[in-house]
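A.B. asks: what follows is a predicted structure for the sequence shown.
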Amino acid sequence: MEIKDLKPAEGSTKARKRVGRGPASGTGKTAGRGMNGQKSRSGGGKGAGFEGGQTPLARRLPKLPGFRNPNRIEYKAVNVSRLDAKFEAGDVVDGESLKAKGIIKHTDDPVKILGDGDITKALTVKADKISASAIRKIEAAGGKVEEPC
């Protein structure tokens with residue numbers, strides 16, 4: 001069998017309706033559009049989104065102000081005080097350990113460590129982003145910062 005031998009199944013195709021080809025065709029003169037009216041005319045009919053005269057949905061909804069960046073990365077914020085409360089000295093803080101402690105929901109969520117609160121334990125922190133104040137506090141407590149994870 002070759003491509004030239006392929007054809008559709010018997011009865012699965014039919015010829016298109018040729019309208020406006022004389023009275024004997026059955027669809028002559030008005031070409032199956034009836035007599036007068038909006039739908040009988042060229043380009044006639046209601047447009048997409050027409051709702052019977054009521055204000056269409058696209059005009060009822062308010063416009064959103066500003067610009068929404070589709071490539072924006074939403075970081076999960078974690079403060080150093082939270083790390084101090086949940087981790088022991090010498091622990092490694094990364095996506096897996098944060099998920100295990102219930103601080104974030106998914107290991108692939110981007111995390112930013114913020115410097116709110118105090119930290120007293122020496123931790124090794126691996127995060128996608130870390131604020132300058134958080135770096136100062138972690139290193140002052142004897143910890144290490146590795147960025148990005």
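C.D. replies: All right, it came through fine. Numbers count the residues shown, from 1 in each chain.

A.B. asks: for the rest of this, base every contact and every neighbour count on C-alpha atoms.
C.D. replies: OK.

A.B. asks: at which residues are the helices of the protein located?
C.D. replies: Ranges of helices within the chain are 57-60, 80-86, 95-100, 132-140, based on DSSP state H.

A.B. asks: helices and strands around the second one, which ones?
C.D. replies: Read it as helix 80-86. Using 3 or more CA pairs under 8 Å, 6 or more residues apart in numbering; DSSP states H and E, no helix or strand is in contact with helix 80-86.

A.B. asks: buried residues in it?
C.D. replies: The neighbour-count check on helix 80-86 (16 or more other CA atoms under 10 Å) flags 80-84 as buried.

A.B. asks: distance to G11 and pLDDT for those - can I get that in CSV?
C.D. replies: Formatted as CSV, the buried residues of helix 80-86 follow (distance: CA to CA, whole Å; pLDDT from 0 to 100):
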residue, distance to G11, pLDDT
V80, 72, 95
S81, 74, 94
R82, 71, 94
L83, 71, 94
D84, 75, 93
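
A.B. asks: now, among those residues, which is nearest to T55?
C.D. replies: Of all the buried residues of helix 80-86, T55 sits closest to R82, with 51.3 Å by CA to CA.

A.B. asks: show me where pLDDT drops low in this structure?
C.D. replies: Within the chain, the stretches with pLDDT under 70 are 147-149.

A.B. asks: how about a cut-off of 90?
C.D. replies: 1, 58, 62-66, 68, 107-108, 146-149 (pLDDT under 90).

A.B. asks: please enumerate the strands of it.
C.D. replies: Secondary structure of the chain (DSSP state E): strands located at 76-79, 92-93, 111-114, 124-126, 129-130, 144-146.

A.B. asks: export those to CSV and tack on mean neighbour count and distance to I103?
C.D. replies: Below are the strands of the chain laid out as CSV (neighbours: other CA atoms under 10 Å; distance: least, CA to CA, whole Å):
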stretch, mean neighbour count, distance to I103
strand 76-79, 16, 8
strand 92-93, 18, 11
strand 111-114, 22, 10
strand 124-126, 21, 14
strand 129-130, 20, 16
strand 144-146, 17, 19
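
A.B. asks: how about TSV for those, with distance to R41 added?
C.D. replies: Compiled in TSV, these are given as follows (distance: least, CA to CA, whole Å):
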stretch	distance to R41
strand 76-79	58
strand 92-93	71
strand 111-114	61
strand 124-126	68
strand 129-130	63
strand 144-146	71
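
A.B. asks: and G28, which of those is closest to it?
C.D. replies: It's strand 76-79; of those, that one is closest to G28 (CA to CA) at 68.0 Å.
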